[in-house]
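Trainee: Take a look and give me a structure for this.
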Amino acid sequence: MTEQGKPELLIVDDDPAIADTLSYVLGSDFTISTAESRQHARALLRQRDTPPQLALIDLGLPPRPHSPEEGFQLITELIAAVPTMKIVVLSGQNDEANARHARTLGAIDFIAKPAEPAQLKSLLQQALTITTAETGGTASSLLGNSPPMQKLRQQISQFADAPFPVLIEGESGSGKELVAQAIHQQSRRAAKPFLALNCAAIAPTLVEPTLFGYAKGAFTGATTARSGYFEDAVDSTLFLDEIGELPLELQAKLLRVLENGEFQRVGETQRRVSNARVIAATNRDMRSEIRNNRFRADLYHRLSVFTISVPPLRELGSDKMLLFDHYRQFYAQEIGAQPVELNDEALRLWRDYPFPGNVRELRNIVIRLCTKYAGTRISPDLLQAELDRESLEPVDAGLPHFSDENALLNAARRQLEADPDFRLDEVLKRWEHSFIEAALALSNGNLSQAAKRLGVHRTTLYSRMQSRENAGEEK
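Mentor: Modelled structure (predicted):
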């Protein structure tokens with residue numbers, strides 16, 4: 001909340017007229033900040049000590065305003081930076097497949113333009129009343145009885161009291177921070193505060209002073225000396241989420257702390273020592289990051305003394321029903337309504353759906369069902385509208401066919417002979433980029449159609465586009 005008591009809302013839309021209109025219409029109920037692009041929204045977020053509780057975003061953002069890919073990536077980045085943020089999509093990209101995919105990535109709802117102001121206000125106010133149903137940081141709060149969940153609890157118990165770092169790997173939305181909290185709560189450090197820093201939510205220039213502290217006058221604005229996370233986490237646990245986002249230049253300093261506990265505040269020469277137990281988490285393929293020189297191999301090996309892989313929801317079998325029961329009861333109580341139920345056919349659909357957005361997606365689906373259909377016995381048609389099944393449908397498409405393999409082989413030989421610096425990875429990336437660009441152009445920016453042309457799942461296509469975007473930003 002702001003000083004005036006109004007909740008904060010981030011509006012992201014590249015049309016100034018729409019952004020101004022929304023700011024005017026919603027300004028009496030919310031404190032508004034606006035951004036016209038994904039990059040601008042990220043910059044605003046990193047400048048703030050406290051993030052907005054709400055975001056209202058368009059999918060069609062620069063540099064491709066006629067495609068939803070920038071909006072999809074912004075949803076992913078906002079959720080990664082602020083998992084508790086409630087995101088509503090307001091977009092002219094009103095393809096139902098886009099709506100379902102936006103919800104899969106973490107948006108709580110989708111409204112097509114134009115929207116009635118009263119409808120928007122109501123939806124945003126309703127989103128504020130929804131709290132994230134986390135039941136505490138213990139292994140018992142990690143719901144599920146499947147073998148993967150039993151193994152996860154066993155690892156937590158086994159590693160909890162050791163002083164060594166833990167690396168938690170897992171897909172977005174799978175509950176990595178909850179695992180970190182459970183490790184802390186089962187350790188002898190449990191009486192101390194659990195400190196967490198999301199490396200994706202802070203500007204690269206602020207990471208070092210945030211982690212290690214700074215001296216008075218160390219930089220503009222440093223009017224007093226301040227301690228950092230490593231200093232504050234004495235005898236406790238420091239959780240570094242999205243560790244793959246840590247800038248390369250800071251990775252060496254983090255490695256030093258992990259090796260011998262030594263660090264310095266920015267602007268000081270005095271050596272300080274930390275005994276914080278570090279737990280890191282990532283949804284990236286760290287071995288790929290190392291191969292592409294985006295992450296130090298020595299730091300990875302130091303962080304992964306113990307490694308825990310959080311299983312994706314699609315591998316948890318009947319735990320999907322246990323989670324459904326937990327969240328439907330929780331959110332029915334939150335909104336003061338009767339819980340929903342699934343009829344037999346909807347129950348089979350729920351069990352078969354792989355939940356690409358993992359527990360976060362499952363939770364948001366239950367929130368929407370509870371809000372729209374309180375006390376209702378849900379049919380497959382009602383449930384189907386909330387699931388992103390199109391992006392999961394298999395496609396019957398083969399690899400490009402080259403009719404003259406000898407000609408291709410000879411061309412490859414000539415290329416290798418002529419170019420002593422040839423790099424296969426770079427060539428394959430260029431080919432992949434060209435095919436993706438061509439498919440998007442032929443499909444008028446529709447990700448689902450482009451994925452079908454390429455013979456891949458929609459989620460695979462989006463992931464590859466996001467990886468390329470991240471690599472381009474790092475350059």
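Trainee: how many neighbours does residue 50 have?
Mentor: Residue 50 sits with 9 neighbouring residues when counted by other Cβ atoms under 10 Å. C-beta: built from backbone N, CA, C; applies to glycine.
Trainee: is it true that it lies in a strand?
Mentor: No - going by DSSP: H, G, I helix; E, B strand; the rest coil, the assignment for residue 50 is coil, not a strand.
Trainee: Now do the same contact list for it.
Mentor: By Cβ atoms under 8 Å, 6 or more residues apart in numbering, the residues touching residue 50 are residue 8.
Trainee: redo that, cut-off 6 Å
Mentor: By Cβ atoms under 6 Å, 6 or more residues apart in numbering, no residues touch residue 50.
Trainee: Show me which parts of stretch 206-218 are buried, residue by residue.
Mentor: Within stretch 206-218, the residues that qualify as buried are 207, 208, 209, 210, 211, 212, 213, 214, 215, 218, counting by 16 or more other Cβ atoms under 10 Å.
Trainee: Kindly report the same for stretch 113-121.
Mentor: Residues of stretch 113-121 classed as buried by neighbour count (16+ other Cβ under 10 Å): residue 120.
Trainee: roughly how far out does that stretch sit from the chain middle?
Mentor: 27 Å (Cα atoms, centre = their mean, to the nearest Å).
Trainee: what residues does it touch?
Mentor: Outside stretch 113-121, the residues that touch it by Cβ under 6 Å, 6+ apart are 25, 29, 90, 92.
Trainee: Mind putting those into JSON lines with pLDDT, secondary structure and neighbour count?
Mentor: Listed next are the contacts of stretch 113-121 as JSON lines, based on pLDDT from 0 to 100; DSSP: H, G, I helix; E, B strand; the rest coil; neighbours: other Cβ atoms under 10 Å:
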{"residue": "25", "pLDDT": "93", "secondary structure": "helix", "neighbour count": "16"}
{"residue": "29", "pLDDT": "93", "secondary structure": "coil", "neighbour count": "14"}
{"residue": "90", "pLDDT": "88", "secondary structure": "strand", "neighbour count": "23"}
{"residue": "92", "pLDDT": "77", "secondary structure": "coil", "neighbour count": "16"}
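Trainee: Among those, which one sits closest to residue 40?
Mentor: Nearest to residue 40 among the contacts of stretch 113-121: residue 90, at 16.9 Å, using Cβ to Cβ.
Trainee: counting contacts, what elements does the helix or strand encompassing residue 45 pack onto?
Mentor: Following DSSP states H and E, one finds residue 45 within helix 38-47. Where contact means 3 or more Cβ pairs under 6 Å, 6 or more residues apart in numbering; DSSP states H and E, helix 38-47 is packed against helix 69-81.
Trainee: Show residues contacting the helix it packs on.
Mentor: 38, 45, 55, 57, 59, 61, 85, 87, 105-107, 198, 200-201, 242, 465-466.
Trainee: Can I get the buried ones among those residues as something I can paste into PyMOL?
Mentor: Buried residues within the contacts of helix 69-81, by 16+ other Cβ under 10 Å, are selected in PyMOL with:
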select buried, resi 38+45+55+57+59+61+85+87+105+106+107+198+200+201+242+465
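Trainee: Let's see which of the contacts of helix 69-81 end up in helices.
Mentor: Taking DSSP state H as the definition of helices, the contacts of helix 69-81 contribute 38, 45, 105, 465, 466.
Trainee: can you name the two of the buried residues of stretch 206-218 that are farthest apart?
Mentor: Farthest apart among the buried residues of stretch 206-218 - using Cβ to Cβ - are 207 and 215, which lie 16.9 Å from each other.
Trainee: Could I get the contacting residues of residue 281?
Mentor: The neighbourhood of residue 281, defined by Cβ under 6 Å, 6+ apart, consists of 168, 176, 241.
Trainee: Please indicate which of those are buried?
Mentor: The neighbour count (16+ other Cβ under 10 Å) marks 168, 176, 241 as buried among the contacts of residue 281.
Trainee: Quick one, grab the pLDDT at the last one.
Mentor: In the predicted model, residue 241 carries a pLDDT score of 95.
Trainee: and it, bridged to which residues?
Mentor: Beta bridges link residue 241 to residue 198 when assigned by DSSP bridges.
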